[in-house]
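# take this sequence and fold it.
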Amino acid sequence: MRLSQRGLGATVRRNRDLTLALAGVAALAVVLDVVGIGWGLPHPTGDWATDGLSPLGPLALAWHVLHAEKWWGKYPPFHFLLLALVQAPYVAWLRLRGEIGAIGAVYPYGLAHPLLALGRLALLARLVSVAMGVATVVFTALTAAELFGLRAAVLAGLVLLSSPVTVYYAHTTNLDIPYLCWTTAGLWLAVRVVRGDAAVRTHVLLGAAAALAIATKDQAYACFALLPVPILWRRWQAGRPLDTALLAALASFAAVYALASLLAVDPSGYLGHARQLTGPANPYAGVPLSAARVVRVSLRTASATASTLGWPFALAGVAGLVLAAVRRTPGAEMPLAMGLSYYLTFMIPILYAVPRYTLPLVAALAPFAGLGLASLWGKPGARGVSARRALVGVVVAVGVARGASMDVRLLTDARYPAESWLAAHAPSGVIGTDAEPSYLPRLAPTRPVVRLTLGPDGLHYPGSGPPDLIVLTSARYRQYFWPPPRPERRVLAALLRGELCYERAAEFRSPQLFGPPLVRAVSPHIIVLRRRTEPCEAVTIQPSRRSARSAARLSDASSLAAAARSAATTSSEFVPSSPSATAAARRTPPSGSSSSERRRRDAVTRSTATAGRVDRAASRTPTSGSPSAAAATPSASVDGAPRSRMQ
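Residues are numbered from 1 along each chain as shown. Predicted coordinates for the structure are as follows:
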């Protein structure tokens, strides 16, 4: 009997082997997703996870809804409301203890112990992501069990849980895992429908899962846009293209989405969110389609998907696709249809591919990877079965270790020792940086921080005086080394060489691990520069003629090569110039996750082949009679002249 011919509850209750297998896979997923759950907490300004929900965001939305105030924002409201329900008991406890005063819009937000409260609120939100990450793995395994059997189900679950990207986002408050959870639930239910489950309840749950996925993150629409096509095709073949169950699914989708998206509660707020999503504020809007762009994003999508899965699992997925097509497995078209729908209606329109955006493709390919590995496992007594099973074991073990490497990166984030060093060696003084707080070590809310700008003509900062310290992070400065060439990297290289009256005080990096990090927000390389106390000379960097024409060369080949390596990796070859630096210089793997990023790094490395000559001006800037006054002005400049020889 097919699993789809049993009820939803009986699918698990009456299959003891499947229940035990799912429990084991879920337990491993819990371990991978919980280790390092406190990464970067508590944080005074939000989170180290880029685009993560702020700890108070769900409560703010709930406040607007309860007081009938208009709402609209970047993301749909459903997950905010879900998190508000989870956080509400803790907030009520704080209220009873008198630890919440007059609510404010800025730190400390009316909280008596803001760091502690914000950290716990963020932790509660992250635990919801953990639960939904585990559920995502279980739904993927159930899909594979429905299509290909128990062994494929176990292996498919292992494939999905071992991706460093899924492990990372299960640790954060980002919406990627929550919407993927509802999406994989919808995929499992859709597979059951096309394989013969005619129950109205299954159809109602399918419509609800699709609605909750889209009400969690809008891009989930792409997973379901073309999914009705194979469902209607199967129903037409069965001679029942439209019946009560299908109408129930449509009604369920409409009703649940209207409530979960607040369309029925606050139509104007919903329209405001839709305008923001489709208007000029959308960073992907207005990019014209072309054949070359489609080919480029297709290749990048394939590369990013393979990197997110891991190449052995990606190859197993391709093999499983072929096997499912040869065997004509009923319902196997559903994961393929979901992946194709997402690619055609999301990846192609935005023309942008990063590992984060390939998660639905990874989830769609995981059941096929389970089938490929299960077929390689073989039957008892088959020829070479021992070697084949050993190979599958090695592939799975390496995959799980690869997922666990994300936990290690979270636990050994380079910002932890950077925080300790700043507290011990520089507890006061103004800090300047060109990066967002989510990429930096956590700083005390009372610590003065100014935003720097690396312009083509020099280093700019607000106010009349320069900051005492400059904190640089590879999550930000490596962007200066991406093609097309940017003149700001001349300024960065001069700054790192100590030519703008700053010297390197310390630098921090996490230990080297195998495989690409895939997520740049995790453990960026941190460099701390300190303002020189002794007099410093003004420096003029004169690039070559070719550099002046293309703005692609720096004035010192060795410094650019080192900076380029640092920008392309989470580590670098820079040696701490101060004995107070606490982190040893160790190389780490490239942070790029796709072939396109590797090509950019290669282009950056090639661009260091030639460079201009450095001429240090002996004269000092005659300002107020101070030899260091040049760097004390609001802009420390790096001037270029076209008269230097090529090396």
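# look up how far Ala135 lies from His525.
Applying CB to CB, to the nearest Å, the value for His525 to Ala135 is 35 Å. The C-beta positions use only the backbone N, C-alpha and C, and glycine is treated the same way.
# cool, and Ser303?
Computed with CB to CB, the distance linking Ser303 and Ala135 is 28 Å.
# okay, His525 and Ala135: which has more neighbours?
Neighbours were counted for His525 and for Ala135 using other CB atoms under 10 Å; His525 has more, 26 against 19.
# now the more buried one: how far from Tyr284?
In this view, His525 and Tyr284 are 29 Å apart by CB to CB.
# show me the shaky parts of the protein.
Applying pLDDT under 70 to the chain picks out residues 1-14, 286, 537-647.
# name the single longest helix found in it.
helix 114-148 (DSSP state H).
# can you name every helix or strand that the next helix or strand after that one contacts?
Using DSSP states H and E, the helix or strand that follows helix 114-148 in sequence is helix 150-161. Judged by 3 or more CB pairs under 8 Å, 6 or more residues apart in numbering; DSSP states H and E, helix 150-161 is in contact with helix 16-34, helix 114-148, helix 311-327, helix 359-377, helix 385-411.
# let's see 7 Å
Packed against helix 150-161 by the contact rule (3 or more CB pairs under 7 Å, 6 or more residues apart in numbering; DSSP states H and E) you find helix 16-34, helix 114-148, helix 359-377, helix 385-411.
# want to throw those into a markdown table with distance to Pro462?
Below are the helices and strands packed on helix 150-161 laid out as a markdown table (distance: least, CB to CB, whole Å):
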| stretch | distance to Pro462 |
| --- | --- |
| helix 16-34 | 41 |
| helix 114-148 | 26 |
| helix 359-377 | 39 |
| helix 385-411 | 34 |
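# can you show me the helices along the stretch 401-550 of the chain?
Assigned by DSSP state H, counting those that start in this stretch, the helices in the stretch 401-550 of the chain fall at 415-425, 474-477, 488-496, 545-550.
# and of the ones you listed, who's closest to Cys223?
In terms of CB to CB, the element of the helices of the stretch 401-550 of the chain nearest to Cys223 is helix 474-477, at 29.1 Å.
# does anything pack onto that closest one? Which helices or strands?
If contacts are counted by 3+ CB pairs under 7 Å, 6+ apart, helix 474-477 sits against helix 557-568.
# try it again with 10 Å
helix 488-496, strand 526-531, helix 557-568 (3 or more CB pairs under 10 Å, 6 or more residues apart in numbering; DSSP states H and E).
# related to what we said a few turns ago, got the angle for the longest helix of the chain vs helix 16-34?
Relative orientation of helix 114-148 versus helix 16-34 (axes from the mean of the first three to the mean of the last three CA atoms, to 10 degrees): 150 degrees.
# use 79 as the first number for this chain going forward.
Okay, residue one is now 79; in that scheme the one you just asked about reads as helix 192-226.
# can you give the distance of helix 192-226 from its chain's centre?
Taking CA atoms, centre = their mean, to the nearest Å, one finds helix 192-226 lying 15 Å from the centre of the chain it belongs to.
# how close does Leu418 get to Ile292?
Noted for Leu418: a distance of 18 Å to Ile292, by CB to CB.
# ok, the two, which is more surrounded?
Between Leu418 and Ile292, Ile292 has the larger neighbour count (other CB under 10 Å), namely 26 against 17.
# three-state assignment of that one?
At Ile292, secondary structure determined by DSSP: H, G, I helix; E, B strand; the rest coil is helix.
# in contact with it, which residues?
Contact partners of Ile292, counting by CB atoms under 10 Å, 6 or more residues apart in numbering, are 154, 156, 257, 260-261, 264, 298-302, 331, 334-335, 338-339.
# 7 Å instead?
By CB atoms under 7 Å, 6 or more residues apart in numbering, Ile292 lies in contact with 298-299, 335.
# between those residues, which is nearest Val269?
Closest to Val269, out of all of those and judged by CB to CB, is Ala298, at 17.4 Å.
# gap between that closest one and Asp254?
Ala298 sits 10 Å away from Asp254, going by CB to CB.
# what do you get for Pro515?
Counting by CB to CB, the gap from Pro515 to Asp254 is 21 Å.
# higher neighbour count, those two?
Higher neighbour count among Pro515 and Asp254: Asp254, with 23 against 16, using other CB under 10 Å.
# now do the phi/psi pair for the closest residue to the more buried one other than its chain neighbours.
In this structure, Asp254 finds its nearest non-sequential neighbour in Tyr247, 4.5 Å apart by CB to CB, 6 or more residues apart in numbering. Dihedral angles of Tyr247 (phi, psi; degrees, to the nearest 10) stand at phi -70, psi -20.
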